[in-house]
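In: quick one: sequence plus predicted model below, questions after.
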Amino acid sequence: MSEAAAGMATGDPQLASSAGAAAKVLVVDDQRNMRATTAIVLRDAGYTVAEAEDGAAAVQCVARELFDVVLTDVRMGAVDGMEVLRATLEAAPTTQVIVMTAYGTIESAVEAIRRGAYDYIAKPFKEDELLLRVAKAVEKRRLVREVSLLRSDFQARYGLDHIVGRSASLRELLDRVVRVAPSDATVLVSGESGTGKELIARALHAASRRSDKPFIPVNCAAITETLLESELFGHARGAFTGATRARRGLFEEASGGTLFVDEIGDTTPGSQAKLLRAIQEGEIRRVGESLPVKVNVRVIAATNQNLKVAVSEKRFREDLFYRLNVVPLRVPPLRERREDVPFLAQHFLERYAKRSGERKTLSPAALQKLFEHPWPGNVRELENMIEQAAALAPQAVLSEADIRFEVAAPRGAGAVQTLAEAVDAAERHAIEVALASCGGEHARAARELAVSSTTLWRKMKRLGLGGRDSEPE
C-alpha cells in the first residue's frame, strides 16, 4: 500500500490530503445515525464525503458526479445496495464500490462481489477496518485509472485505433500488448494470414522505449535463404557475385530499435542458427567477413504456422523457438470474434468515405451476410470486401446483393472463365464451407472433404486460404 493510502488508513489528514484529498467517497445508508457517523470518520481521515439518504438518492448522485469510492448499505428501501452498485458501475466503471451489510451473510457479500463490487464490510465495523478498506479501494481506483489512461493514450498515439473491435479475445490481446510494450522482451506474434500481426508489432514498437529508433520489417517468405542472410546481416564487398559494394544488414539498420521478422516459420535451419546467435549474443557477422558487429535490437517475430509442430518435425530449431517465445501473443482469427465484424465493416466504410467522399452504409441484410461468412482471409478479406462493395454499389445503402464472395468472374455473354478458374472457384467454395462447418479445424475439414490433411493444406496454400492449423500435423 502507498504512503498516502497508509495515511488514510491511520487517519492522518496530512498524508491523506497529499494524494487522497481529491478522493471522493459517497456514503449511502438509510439509517441517518450510521450514515453520519461513517461520514465523520472518513472526513476526519481527509476524504471529501457526500451523503445519500437512500438508494434512489445515491443513483442520482452517481449519475451527476464522479466518486472514487461508493460505500453503500445493502438492505434499504425500494432501491437497494445492489441497484446502487449497478448504477455506479454503469455510470463510472472505475469507481470502486464497497457494500455494507448488517446481516453478515456470506451470500449477499458473494453476490455483490460477483456483480462487480470491490469489497464488503460487515456492520458493526471498527474505524480502522473501515479506513483500511476505503484506502485500498482508492488505491485500486487510482491504478485502474492509470491503466485506462495508458490504454487510451496508447491507442491514440500508437495506432491501436486501427485494431478495431470489442470482443473479449481482442481486449485480452490488447491488454497484453499494453503490458509488454515498454519492456525489451522478445515477442512471438502468431495468427493466421490477414489477422493484423504487423499492426500488433508496430504498436509494440511505438509504445516501447525504442519508439524514436527505427522499426524495420522483413518478410522471410519473400526472400531466398542466400539473400535472406545478406538482407539480415549485410555483406562485404565482393562477398558474392553482384556484391559490388559493402552493405549494412537489417540488424544494423534496426540497431537501437525493433526488427520485425515476419513469416519466421519459412526460414531454413541454417538461417535459424544465425538468427539465434544474433538474438542471444547481440552480434552479427556480415557475409564475407569474420569480425562480429555488435547490435542492440529488440526482435519481434511473427508466424502463421504452428511452430511447435515444426519443431517436432525438425523443421524449426527448438532453441530458437524458446528464445523467440518469451512473450507469446496470439492474434485471434475473425471467425473467433465475429462480434467485431460490424465495427470493422463500419471502420472500413469510414475509411472509404474519407478517400472517395462517398458515405455509404450497410443494410441489416448485408450486415447479417457479413456476420455469417467464415472469413478464411480474416480482416484483410473483410477490408477488401467492403472496398469492393462500396466502390461498385450504385446506392448509398449496401444491400445483401452487393456483398459478393465469389472471386471467379461471373458466367455470361461478356465473361469467359477458364477451366482452371472454375476448378479453383469450386475448390475454394468447398474448402470455405468445410472450414466454416468444422469451426476452422484443419483436420476435421480434411475428413469432411475426404482428402488427406497434407492435400488440403497444399490446396489452401495455393488458393491463399488460411486455417486454424497452417500446416498438417
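Out: Sure thing, it's come through.

In: contacts and neighbour counts: CA atoms only from here.
Out: Will do.

In: flag the helix or strand of this protein with the lowest per-element mean pLDDT.
Out: Here the helix or strand of the chain ranked lowest by mean pLDDT, DSSP states H and E is helix 13-19, holding a mean of 36.

In: and stretch 79-90, what's buried?
Out: Within stretch 79-90, the residues that count as buried by 16 or more other C-alpha atoms under 10 Å are 79-82, 84-89.

In: now stretch 270-280
Out: Buried, per 16+ other C-alpha under 10 Å, within stretch 270-280: 271-272, 274-276, 278-279.

In: next one: stretch 446-464
Out: 446, 453, 456-457, 459-460.

In: first-to-last residue distance for that stretch?
Out: Using C-alpha to C-alpha, to the nearest Å, the end-to-end distance of stretch 446-464 comes to 17 Å.

In: okay if I get the buried residues of stretch 79-90 as a markdown table plus secondary structure, pLDDT and distance to residue 319?
Out: A markdown table is the format used below for the buried residues of stretch 79-90 (DSSP: H, G, I helix; E, B strand; the rest coil; pLDDT from 0 to 100; distance: C-alpha to C-alpha, whole Å):
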| residue | secondary structure | pLDDT | distance to residue 319 |
| --- | --- | --- | --- |
| 79 | coil | 90 | 61 |
| 80 | coil | 89 | 59 |
| 81 | helix | 89 | 56 |
| 82 | helix | 91 | 53 |
| 84 | helix | 94 | 55 |
| 85 | helix | 93 | 51 |
| 86 | helix | 91 | 50 |
| 87 | helix | 91 | 52 |
| 88 | helix | 92 | 51 |
| 89 | helix | 89 | 47 |
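
In: quick check, nearest of the residues you listed to residue 72?
Out: Closest approach to residue 72 among those (C-alpha to C-alpha): residue 81, at 5.9 Å.

In: excluding chain neighbours, give the residue nearest to the closest one in space.
Out: Of all residues not flanking residue 81 in the chain, residue 74 sits nearest, at 4.0 Å (C-alpha to C-alpha, 6 or more residues apart in numbering).

In: show me the contacts for the one you found.
Out: Neighbouring residues of residue 74 by C-alpha atoms under 8 Å, 6 or more residues apart in numbering: 80-82, 99-101.

In: and residue 246, how far from residue 231?
Out: Using C-alpha to C-alpha, residue 246 is found at 12 Å from residue 231.

In: more crowded one of the two?
Out: Counted by other C-alpha atoms under 10 Å, residue 246 and residue 231 do not tie: residue 231 has more neighbours, with 21 against 15.

In: so the more buried one makes contact with residue 253?
Out: No. Applying C-alpha atoms under 8 Å as the test, residue 231 and residue 253 come out as separate, 10.4 Å apart.

In: shared neighbours of those two, anything?
Out: Counting by C-alpha under 8 Å, 6+ apart, residue 231 and residue 253 have no shared contacts at all.

In: you'd agree residue 379 is up against residue 192?
Out: No. With contacts counted by C-alpha under 8 Å, residue 379 stays clear of residue 192, the gap being 10.1 Å.

In: the buried residues of stretch 446-464 in helices, which ones?
Out: 446, 453, 456-457, 459-460 (DSSP state H).

In: quick one on the thing from earlier: between the buried residues of stretch 446-464, which is closest to residue 373?
Out: Nearest to residue 373, judged by C-alpha to C-alpha, of the buried residues of stretch 446-464 is residue 460 at 17.2 Å.

In: distance-wise, check that closest one relative to residue 71.
Out: From residue 460 across to residue 71, the span is 58 Å (C-alpha to C-alpha).

In: residues contacting residue 288?
Out: So residue 288 contacts 235-239 (C-alpha under 8 Å, 6+ apart).

In: give me the buried subset of these.
Out: 235-237, 239.

In: turn the residues you listed into JSON lines, columns for pLDDT.
Out: Output for the buried ones among the contacts of residue 288, formatted as JSON lines (pLDDT from 0 to 100):
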{"residue": "235", "pLDDT": "84"}
{"residue": "236", "pLDDT": "84"}
{"residue": "237", "pLDDT": "81"}
{"residue": "239", "pLDDT": "73"}
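
In: about what we covered before: which residue in the buried residues of stretch 446-464 has the weakest pLDDT?
Out: For the buried residues of stretch 446-464, the model is least confident at residue 453; its pLDDT is 78.

In: list the contacts of that residue.
Out: For residue 453, the contact set (C-alpha under 8 Å, 6+ apart) comprises 442-443, 446-447, 472.

In: measure stretch 183-191 end to end?
Out: 22 Å.

In: how far does it sit from its chain's centre?
Out: The gap between where stretch 183-191 is centred and where its chain is centred comes out at 13 Å by C-alpha atoms, centre = their mean, to the nearest Å.

In: now the helices for the stretch 101-250 of the chain?
Out: Along the stretch 101-250 of the chain, the segments classed as helices by DSSP state H, counting those that start in this stretch run 106-114, 127-158, 168-180, 197-206, 225-233, 250-253.

In: who does the fifth one touch, helix- and strand-wise?
Out: The helices and strands touching helix 225-233, judged by 3 or more C-alpha pairs under 8 Å, 6 or more residues apart in numbering; DSSP states H and E, are helix 250-253, helix 269-281.

In: who's in contact with the longest one?
Out: Outside of helix 269-281, the residues that reach it under the criterion C-alpha under 8 Å, 6+ apart are 225, 228-229, 283-284, 299, 315-317, 319-320, 323.

In: after it comes which helix or strand?
Out: strand 283-284 (DSSP states H and E).

In: and that following strand, which strands flank it?
Out: Strand pairing for strand 283-284, determined by DSSP bridges: strand 293-294 (antiparallel).

In: angle of the next helix or strand after the strand it pairs with against helix 197-206?
Out: Sequence-wise, the next helix or strand downstream of strand 293-294 (DSSP H and E) is strand 298-303. Calculated by axes from the mean of the first three to the mean of the last three C-alpha atoms, to 10 degrees, strand 298-303 forms an angle of 170 degrees with helix 197-206.

In: counting contacts, what elements does strand 298-303 pack onto?
Out: strand 187-190, helix 197-206, strand 258-262.

In: and the next helix or strand past that strand?
Out: helix 307-312.

In: for that next one, which residues meet the burial criterion?
Out: Neighbour-count burial for helix 307-312 [16+ other C-alpha under 10 Å]: 307-308, 310-311.

In: with just CA atoms, put it into PDB.
Out: Output of helix 307-312 as PDB, limited to C-alpha atoms (Å, rounded to 0.1, in the frame of the first residue of the first chain):
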ATOM      1  CA  LEU A 307       5.900 -23.700 -34.700                       C
ATOM      2  CA  LYS A 308       5.500 -26.400 -32.100                       C
ATOM      3  CA  VAL A 309       4.600 -28.900 -34.900                       C
ATOM      4  CA  ALA A 310       7.500 -27.500 -36.900                       C
ATOM      5  CA  VAL A 311       9.900 -28.200 -34.000                       C
ATOM      6  CA  SER A 312       8.600 -31.800 -33.600                       C
END
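
In: would you mind giving the buried residues of helix 307-312 as CSV with distance to residue 365 and pLDDT added?
Out: As requested, the buried residues of helix 307-312 are exported to CSV (distance: C-alpha to C-alpha, whole Å; pLDDT from 0 to 100):
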residue, distance to residue 365, pLDDT
307, 40, 94
308, 41, 93
310, 42, 92
311, 45, 94
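
In: perfect, I'm done here.
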